[in-house]
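Engineer: Turn this into a structure:
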Amino acid sequence: MPPETDEFRDIVEGDWAGGHIAGRRPTAEEMTRALQVMMTRQCVYSHTANIGRTYDLVRAYPTFFERYFGSLGYRLVVAPRDQMVALAVPAEGPRYDGLFERLRKDETIVLLALRLVWEEALRAHEAGEAGVVDATTDDLVDRIAGVAQVPPPEETRLLDILRGFARHGALRLGERDRARRVSPLTILPGIGILVPDSYVKELILWAGAPATLPTGGAIADNEAAAPSGTEPNV
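Structural biologist: Residues are numbered from 1 along each chain as shown. This next block holds a predicted model:
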């Protein structure tokens, strides 16, 4: 039996010596949900909605989650200042995590633009508390024009892409200003987990050239459809 299975049982039964949580101990259903949420969301915060006690459970039992996800090739990141827990992928080699497995070219370019806007704000000391950066969809469009040799996605498509990345903890999307045709957004520190420094350089080199990422992960053209019977993970 894998050691993670024994540890799961010990936590649920209250015999775990590697940490504790305030209040009642978690049920097996709550622990299973926390594992699934971390796999599908990748970056979650204390303020993330509809995730139950996932954030609190990961903070309370970091050793268990670290070992469990470590066996899958992830590194658990616990950032108390940012009130974030996240799964980081290996810095080197191909990526097979859910976020990157099915990214289209326009999605990849938008993700890169988010990372660059966030990083530039940090360097200029313009980030808010907990490393958040306020921006707009216009800022993203301008940044895309600066790094990619392709037109930015049209507004409806851009908003769809951003909603998908919001599920992974990259940003919060605000209410659209219909008169100005612009939407405010808050870029969250999880963008640094989803697009680490080592990956930024590769994406910048790739952004102007169709085909595949330097790591070998294939990127679908914008017109390509998902394989029959499957749905994108974002």
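Engineer: Tell me how many other residues crowd residue 151.
Structural biologist: Residues lying near residue 151 (other Cβ atoms under 10 Å) number 10. The way it works is simple: take the backbone N, C-alpha and C, and place the C-beta from them, glycine included.
Engineer: Number the residues from 260 up from this point.
Structural biologist: Yes, from this point I'll number from 260; that puts the last item at residue 410.
Engineer: That one belongs to a helix?
Structural biologist: No: counting by DSSP: H, G, I helix; E, B strand; the rest coil, residue 410 is not part of a helix but coil.
Engineer: isn't residue 310 right up against residue 303?
Structural biologist: Yes: the pair residue 310 / residue 303 is scored as a contact, 5.7 Å apart, by Cβ atoms under 8 Å.
Engineer: Name the spans of the protein whose pLDDT lies under the cut-off.
Structural biologist: 260-263, 351-361, 465-493 (pLDDT under 70).
Engineer: Can you pull up the most central residue in it?
Structural biologist: residue 427 (3.7 Å; Cα atoms, centre = their mean).
Engineer: just to revisit the earlier point, any shared contact partners between residue 310 and residue 303?
Structural biologist: residue 296 (Cβ atoms under 8 Å, 6 or more residues apart in numbering).
Engineer: Let me see the contact set for residue 437.
Structural biologist: If you count contacts by Cβ under 8 Å, 6+ apart, residue 437 has none.
Engineer: Need phi/psi at it.
Structural biologist: phi -70, psi -30 (degrees, to the nearest 10).
Engineer: same check, this time on residue 367
Structural biologist: phi -60, psi -40.
Engineer: What about it, how many residues nearby?
Structural biologist: 21.
Engineer: Does it touch residue 462 like I think?
Structural biologist: Yes: between residue 367 and residue 462 a contact is recorded at 6.7 Å, counting by Cβ under 8 Å.
Engineer: for residue 432, phi and psi?
Structural biologist: phi -100, psi 130.
Engineer: From residue 342, how far out is it?
Structural biologist: Going from residue 432 to residue 342 by Cβ to Cβ, to the nearest Å gives 19 Å.
Engineer: For this protein, which segments count as helices?
Structural biologist: All helices of the chain, identified by DSSP state H, fall at 262-272, 287-300, 313-319, 321-329, 357-360, 364-382, 396-406, 414-426, 450-453, 456-466.
Engineer: Quick one: residues in contact with the first one.
Structural biologist: What that stands for is helix 262-272. 274-277, 284-287, 290, 320, 323, 326-327, 330.
Engineer: Please dump the residues you listed into CSV; it should also carry neighbour count for every row.
Structural biologist: Formatted as CSV, the contacts of helix 262-272 follow (neighbours: other Cβ atoms under 10 Å):
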residue, neighbour count
274, 11
275, 21
276, 8
277, 14
284, 16
285, 23
286, 11
287, 12
290, 22
320, 23
323, 24
326, 15
327, 21
330, 11
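Engineer: Which one of the residues you listed is nearest to residue 346?
Structural biologist: residue 327 (10.4 Å; Cβ to Cβ).
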